[in-house]
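Enquirer: for reference, the sequence and a predicted model appear below.
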Amino acid sequence: DCRFEFEGRTLAVTVSGGLAQAIAQDDEANLIKRADEALYAAKKAGRNRVCIHDGKTTRATTPAKTIAKPEPAPAAAALAATAAASAPAAKAEPKLPESPAADDMFRTDVQTGLPNRTSLCEEVRRRVAESHRYDSPLSLMLVKVNALDKLGQRPGEPTSELVIRTVSQFLSAGMREMDLVARYHDDVFAVLLPGTPLTQAIG
């Protein structure tokens, strides 16, 4: 619902999500592939919505949310302050240690402090094995920040960095302790939901 001004335009951030629950024949690569297919379907269907891949087909979970007519936008600093104030105090933004071990440096996204794609894939591999061993549900959601396309900026530029940091804070604040939020790609986050079947993940 937040909007901000950029080069004379009022912009709103929307996200597209692709959701898949691990099934018996899944390995880590197939689970990520199905979540990615669901994400692509959400983008192809018009963005700002979530699609799921149930192992056979991809379908939308809910209609896209209609974005109301833009109102006067807060400045970038106000947007950042709003995001910080809205997030629960107990879930502060993850920060890198001052002197990270070399191993950690290759598994942490420097911009957000979240686990990176390498770390995520290792965790997905472990969680898929656990899911099969203990017959417990596991879901994975990929979330794309559509605003970066509209900004026409490359990841790493100031406005893009603000959007990415804000989205990472909101995702982290909204998850349970056992969930994992990671930076999967420049404008894509992954949310790993152990113990969560597809029906609950959708809700």
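Expert: Yep, that arrived.
Enquirer: what is the distance between stretch 123-142 and the centre of its chain?
Expert: The gap between the average C-alpha position of stretch 123-142 and the chain average comes to 18 Å, counting by CA atoms, centre = their mean, to the nearest Å.
Enquirer: any idea of the mean pLDDT in it?
Expert: Stretch 123-142 shows a mean pLDDT of 91.
Enquirer: buried set for that stretch?
Expert: Of the residues in stretch 123-142, those buried under the neighbour-count criterion (16 or more other CB atoms under 10 Å) are 123-124, 127-128, 131-132, 137-142. Using the backbone N, CA and C atoms, a C-beta is placed for each residue, glycine as well.
Enquirer: first vs last residue of it, how far apart are they?
Expert: Terminal residues of stretch 123-142 lie 15 Å apart, using CA to CA, to the nearest Å.
Enquirer: and stretch 44-59, by the same measure?
Expert: Taking CA to CA as the measure, stretch 44-59 stretches 12 Å from start to finish.
Enquirer: give me the contacts around that stretch.
Expert: If you take CB atoms under 8 Å, 6 or more residues apart in numbering as the criterion, stretch 44-59 is touched by 14-21, 23, 34-35, 37-39, 41-42, 60-65, 67, 141, 146, 198, 202.
Enquirer: could you identify the buried members of these?
Expert: Buried residues within the contacts of stretch 44-59, defined by neighbour count using 16+ other CB under 10 Å: 14-21, 23, 34-35, 37-39, 41-42, 61, 141, 146, 198, 202.
Enquirer: and those, which of them are in helices?
Expert: 34-35, 37-39, 41-42, 198, 202 (DSSP state H).
Enquirer: now, the most widely separated pair of those?
Expert: With distance counted by CB to CB, no two of these lie farther apart than E37 and I202, which are 16.4 Å apart.
Enquirer: E7 - how many residues pack around it?
Expert: With neighbours defined by other CB atoms under 10 Å, the count for E7 comes to 8.
Enquirer: what residues are up against it?
Expert: Per CB under 8 Å, 6+ apart, neighbours of E7: none.
Enquirer: and the gap between it and R117?
Expert: For E7, the distance to R117 under the criterion CB to CB, to the nearest Å works out to 31 Å.
Enquirer: cool, V13 as well?
Expert: When distances are taken as CB to CB, V13 and R117 turn out to be 22 Å apart.
Enquirer: again, but for A147
Expert: If you measure A147 against R117 using CB to CB, the figure is 21 Å.
Enquirer: tell me the pLDDT at the residue located most distally from the centre of the chain?
Expert: Of all residues in the chain, G8 sits farthest from the chain's C-alpha centroid, using CA atoms, centre = their mean; the distance is 28.0 Å. G8 is assigned a pLDDT of 80 by the prediction.
Enquirer: having no further points to raise, I will conclude here.
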